[in-house]
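# the sequence and its predicted three-dimensional model are supplied below.
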Amino acid sequence: MNTFGRRFRLTTFGESHGPAIGAVVDGCPAGLEVGAGDIQAELDKRKPGQSSVTSGRKEPDRVEILSGLFEGKTTGMPIAMLVRNVDVDSSAYENIKDLLRPGHADYGYLAKYGFRDHRGGGRSSGRETAGRVMGGAVAKKLLSLRGIHVYAHTASIYDVKAGEVTPEDIINNTYKNPVRCADPRAVKEMEEAINMAKRDGDSVGGTVEVIATGVPAGLGEPVFGKLDADLAGALMGIGAVKGVEVGLGFGAASLRGSEVNDEFYWDGGVRTRTNRAGGILGGISTGMPIVCRIAVKPTPSISKPQQTVNVETKEDAIIEIKGRHDPSIVPRIVPVVEAMTALVIADHMLISGRIGPALP
Ligand SMILES: Cc1cc2nc3c(=O)[nH]c(=O)nc-3n(C[C@H](O)[C@H](O)[C@H](O)COP(=O)(O)O)c2cc1C
Ligand SMILES: C=C(O[C@@H]1CC(C(=O)O)=C[C@@H](OP(=O)(O)O)[C@H]1O)C(=O)O
């Protein structure tokens, strides 16, 4: 499956070392004012080569919009977008093409398809997420018309935790530092944790939090297509994500009901003082901010020697991975998490009829 969503649909295409990475958004209402600037702003948050804590691959990731817009507005037709790959270097992959890279999708692709594009991981590369970010940029623009905003930030990197942050902290700080952390006090230590692993030929993981504000109560399907289930699927579907929590998440398992329930009160409408549920109950939004956290594994490509298998000779082998890699995927994944969250919420806004096929 290369397509995501039911009403607001995203298809991504392209390989890391092919000519381009692209996205087709289908189902976006007509009349949305959106342009290359909106898409580029999101791509600029994600592109590699921006600091010492990201891959050295230098991709400009310049968006080209091929269809679906007329006079600055969406037409209701498929919006096709792409970025061309310009800094492709497959040399580091040639001498390991028969070796299974531990922690990567190599064995799965081989078991399923019988062969694989070994150049930079092909479709399984994190580069595919440029397509998600292009689609997410359109979803974000649509949601902003309804006062819905999505913000993600790095909550931890390998033993370094950020403090509590507000949406304002996220807006003001996240994209101003290389680790994408909203708490300025934690930035230096996070950077050091990544650089230390990099010096060791190793990598580190961490956690990312996403908050969606302005989501109306009543979004989400009651049984199948629950909002939390869709968010979990969308976030887990990003490469390197190993866990998803909504609200208190795993923390709720070790608490009592009285410590987990959000008590209601009346204030001209139904409200809760706490938001341990993360803005979703019974699969339906409560009107409180939606809060999810994801666990990101350490980058699988590391230069330390690792035991593996040569699938050609059918023998055990040692692999040492060279090339240009993110020493931590955490900073790179932050805009991707925003994109996937925006896509799910946009999809549910359309499913629920809150947004129709044409904007006024
Ligand atoms: C934004 C992003 C950047 C990534 N960068 C790298 C990288 O530089 N090197 C690498 O080995 N894996 C990188 N990955 C991860 C892998 O390509 C791949 O998605 C992951 O190993 C598969 O993990 P899974 O088992 O959770 O699906 C990146 C993933 C994302 C989302
Ligand atoms: C290029 C990007 O990230 C790449 C993701 C990636 C991987 O294995 O996932 C490996 C590296 O690329 P290469 O194919 O050159 O080895 C990263 O640089 C990007 O995100 O745009």
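Received, thanks. Ligands and ions are numbered 1, 2, ... in the order given.
# could you export the longest helix belonging to the chain as PDB, CA atoms only?
In the chain, assigned by DSSP state H, the helix with the most residues is helix 330-351. Output in PDB follows, covering the C-alpha atoms of helix 330-351 (Å, rounded to 0.1, in the frame of the first residue of the first chain):
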ATOM      1  CA  VAL A 330      14.500  12.000  16.300                       C
ATOM      2  CA  PRO A 331      15.200  15.600  15.100                       C
ATOM      3  CA  ARG A 332      14.400  14.600  11.500                       C
ATOM      4  CA  ILE A 333      11.100  12.900  12.400                       C
ATOM      5  CA  VAL A 334       9.500  15.900  14.100                       C
ATOM      6  CA  PRO A 335       8.000  17.500  10.900                       C
ATOM      7  CA  VAL A 336       6.900  14.100   9.700                       C
ATOM      8  CA  VAL A 337       5.000  13.500  12.900                       C
ATOM      9  CA  GLU A 338       3.200  16.800  12.400                       C
ATOM     10  CA  ALA A 339       2.400  15.800   8.800                       C
ATOM     11  CA  MET A 340       0.900  12.400   9.700                       C
ATOM     12  CA  THR A 341      -1.100  13.900  12.500                       C
ATOM     13  CA  ALA A 342      -2.500  16.700  10.300                       C
ATOM     14  CA  LEU A 343      -3.400  14.100   7.600                       C
ATOM     15  CA  VAL A 344      -5.400  12.000  10.100                       C
ATOM     16  CA  ILE A 345      -7.300  15.000  11.500                       C
ATOM     17  CA  ALA A 346      -8.000  16.400   8.000                       C
ATOM     18  CA  ASP A 347      -9.300  13.000   6.900                       C
ATOM     19  CA  HIS A 348     -11.700  12.900   9.900                       C
ATOM     20  CA  MET A 349     -12.800  16.500   9.300                       C
ATOM     21  CA  LEU A 350     -13.900  15.300   5.800                       C
ATOM     22  CA  ILE A 351     -15.300  11.900   7.000                       C
END
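# could you list the contact residues of the stretch 201-350 of the chain toward ligand 2?
301, 323, 324, 325 (Cβ under 6 Å from any ligand atom). Bear in mind the C-beta positions are built from the backbone N, C-alpha and C, glycine included.
# in the chain, what residue lies closest to ligand 1?
Closest to ligand 1 within the chain is residue 239: 2.0 Å, counting by Cβ to the nearest ligand atom.
# give the contact list for that residue.
By Cβ atoms under 8 Å, 6 or more residues apart in numbering, the contact list for residue 239 reads 105, 124, 125, 126, 128, 129, 329.
# run a quick neighbour tally on the fourth one.
The number of residues packed around residue 126, counting by other Cβ atoms under 10 Å, is 22.
# isn't it right up against residue 240?
Yes - using Cβ atoms under 8 Å, residue 126 is in contact with residue 240, at 7.1 Å.
# give me the common contacts of these two.
Both residue 126 and residue 240 are in contact with residue 329, where contact means Cβ under 8 Å, 6+ apart.
# ok, back up a step: quick one: which of the contacts of residue 239 has the most company?
Result: residue 329 is most packed of the contacts of residue 239 (other Cβ under 10 Å), 28 neighbours.
# can you name the residues of the stretch 51-200 of the chain sitting close to ligand 1?
Residues of the stretch 51-200 of the chain lying near ligand 1 (Cβ under 6 Å from any ligand atom): 55, 103, 104, 105, 121, 124, 125, 126, 129.
# now go through the residues you listed and say which are in helices.
Among these, the residues falling in helices (DSSP H) are residue 129.
# which among the residues of the stretch 51-200 of the chain next to ligand 1 are in contact with ligand 2?
Filtering these for neighbours of ligand 2 using Cβ under 6 Å from any ligand atom leaves 55, 121, 125, 126.
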